[in-house]
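Student: need coordinates for the below:
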Amino acid sequence: MNSEFIQSKFRDDNNKLVLKAILNQPYIERKELASQLGFSTEEIDEICQPLIDHLIVLELASQASNNIESRVPRKVYLLNPEVEQSIKDSL
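Tutor: Numbers count the residues shown, from 1 in each chain. All right, here's what the predicted structure looks like:
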């Protein structure tokens, strides 16, 4: 993993907030992450996409728990275990 890229992401407060929230609550759903941090889901997508592209954050699709929404996959996020310790050390 590119440690310089990770360090550059910590310069942005939004990235830091998102990474800290995902670290504290692995497998957090996109909607829940957005509501916790006061962002829209579109803003969460914009913040997370570079982190996903560099495999710092892993985005998984999961089935919704509600029967009505079960056909719509939900996005959940977790930190890549390979970089989790370096992120913990940086926070």
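Student: what ranges does this structure have for its helices?
Tutor: Applying DSSP state H to the chain gives helices spanning 3-9, 13-24, 30-37, 41-53, 81-90.
Student: out of the ones you listed, the one nearest residue 74 is which?
Tutor: Residue 74 lies closest to helix 30-37 among the helices of the chain, at 7.0 Å (CB to CB). The C-beta positions use only the backbone N, C-alpha and C, and glycine is treated the same way.
Student: between helix 41-53 and that closest one, find me the angle.
Tutor: Counting by axes from the mean of the first three to the mean of the last three CA atoms, to 10 degrees, helix 30-37 points 110 degrees away from the direction of helix 41-53.
Student: okay if I get the helices of the chain as JSON lines plus mean neighbour count?
Tutor: As requested, the helices of the chain are exported to JSON lines (neighbours: other CB atoms under 10 Å):
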{"stretch": "helix 3-9", "mean neighbour count": "13"}
{"stretch": "helix 13-24", "mean neighbour count": "17"}
{"stretch": "helix 30-37", "mean neighbour count": "16"}
{"stretch": "helix 41-53", "mean neighbour count": "16"}
{"stretch": "helix 81-90", "mean neighbour count": "13"}
